[in-house]
Structure formats: structure tokens, C-alpha cells
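J.: Okay, sequence plus prediction incoming.
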Amino acid sequence: MVSEALMNEGYSVEKAYSGTEALLLLEKTCPDLILLDLMLPGLSGEKLLPKIKDIPVIVVSAKADVSDKVGLLLAGAADYITKPFNIDELLARITVQLRKKGTEASAKALHYKELELDLDSHIVRAGKEEIKVTRTEYAILKLLMQKPEQVVTKLTILERISEDTPDCTEDSLKIHIHNLRKKIKAVIGEEYIS
């Protein structure tokens, strides 16, 4: 639910299901922000927190005791939110932390190689050249650019874009993807969607 809400807001999300997995992920990537659940299997959130450097961490926990919150904030957490929480409150806290870090703009556009997808204006660019896309093509491209190295099935695409384009069917999806490939290739000279 949280990751889906974040992706709907245009954020790119990487998930780790244990503290050890989170450490391995941090060796490969440098996220703008981390949501850290304390109840991670293996390496707990409390033990993982001191190992995270130069990345704002919002602790997400059911622990409501003030001493727990103070201890974690002093140990390096940028913020703390108690479960259960309102998703709008979490999104606001994320926005504040990214603003502090100066990376709020990164949540307003998605990038992949030469492509830029502006989430506010719904404009797709390759370098400075604008690529005209339909509403459905934009929704497809946005989904693909949120996880550019991940294989996304037709069914997943149809499910995820149904809010924006309820009229898209499996047959029309093939046509939309074909047209999107053609438009990107015409500007960039290579295919980005395989």
C-alpha cells in the first residue's frame, strides 16, 4: 500500500525485506530517502540506522513511546512516524525531507537514459526535443520508467494504467506500445521498450 501510494506520486521505490537485504541494496544504489521499519528480520532497524550515512531516514514503527522516538532521532533518524499512520501525513513528511535535502525536483520527473518524463506537465522529452504522446502512451511510459530495469507484464500494465485510461484493452495496448516505440525511436534512434 505504501509503495503503491509512493509510485502514484511519481516516486521510484526499491524495497528490502530484511536489514541485510537493505544493506546490500544500499551498496548498489543511493536513494534520496529511506523509510525504515524497525521490525526487520535479521538485522533490525535499530541496528541498521547507524550504518546509513548521508541519506534522510524516516523511521516507521508501532513504538509510540517518546523515549524510543527520541533515541532514534538522536541516533540519526530524520523523522519518525508511528503506525498506523495516514498516507497523506507520510507523503508530507517525505516531501519535507526531500525539500531539506534539495531533491524535491527529482520527484517531479522520471529519467531513463535520454528520456525525461515531467510528472507535472505530462511532457516527454529526449534531450530538449519534446515527444508528443497520447494520454495512454504517457501512462504506459510512466509505469515503465518507474522501474526501468524490471520486466512488466501486459496484465500489470493494464491493471496499473486502468485509472488513467479505463478504455485500454489488451489489443489496444499492443498498438499503444508499438506507437510509443516508434515515437521514441524517431527522436532517439534506438528502441527503449523491448
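T.: Here it is on my side, so go on. Numbering: from 1, shown residues only.
J.: Which residue is the nearest non-sequential neighbour of residue 91?
T.: Distance criterion Cβ to Cβ, 6 or more residues apart in numbering; nearest residue to residue 91, sequence neighbours excluded, is residue 9 at 6.2 Å. Where you see a C-beta, it was placed from the backbone N, CA and C, and this is true even at glycine.
J.: For that neighbour, give me the pLDDT.
T.: Predicted confidence (pLDDT) for residue 9: 86.
J.: measure it to residue 96 for me?
T.: 14 Å (Cβ to Cβ, to the nearest Å).
J.: what separates the residue of the chain positioned farthest from its centre from residue 167, distance-wise?
T.: Farthest-out residue of the chain from its mean C-alpha position, per Cα atoms, centre = their mean: residue 67, at 31.5 Å. To residue 167, residue 67 is 54 Å away according to Cβ to Cβ.
J.: ok but residue 25 is inside a strand, no?
T.: No. Assigned with DSSP: H, G, I helix; E, B strand; the rest coil, residue 25 falls outside any strand and is helix.
J.: tally of neighbours for it?
T.: Look at residue 25: counted by other Cβ atoms under 10 Å, it has 14 neighbours.
J.: which SSE is the nearest residue to it once chain neighbours are set aside in?
T.: Using Cβ to Cβ, 6+ apart and skipping the chain neighbours, the partner closest in space to residue 25 is residue 16 (5.0 Å). Assessed by DSSP states H and E, residue 16 sits outside every helix and strand.
J.: how close does residue 16 get to residue 56?
T.: 16 Å.
J.: Now the longest helix anywhere in the chain: buried residues?
T.: Scanning the chain for the helix with the most residues, using DSSP state H, yields helix 170-188. For helix 170-188, a neighbour-count test (16 or more other Cβ atoms under 10 Å) marks 173, 176-177, 180, 183-184, 187-188 as buried.
J.: Tabulate those (CSV), appending pLDDT and distance to residue 90.
T.: As requested, the buried residues of helix 170-188 are arranged in CSV below (pLDDT from 0 to 100; distance: Cβ to Cβ, whole Å):
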residue, pLDDT, distance to residue 90
173, 91, 32
176, 93, 33
177, 93, 33
180, 93, 32
183, 94, 36
184, 92, 34
187, 90, 37
188, 88, 36
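J.: where do the helices sit along the chain?
T.: 2-8, 19-28, 45-48, 66-74, 87-101, 135-146, 154-161, 170-188.
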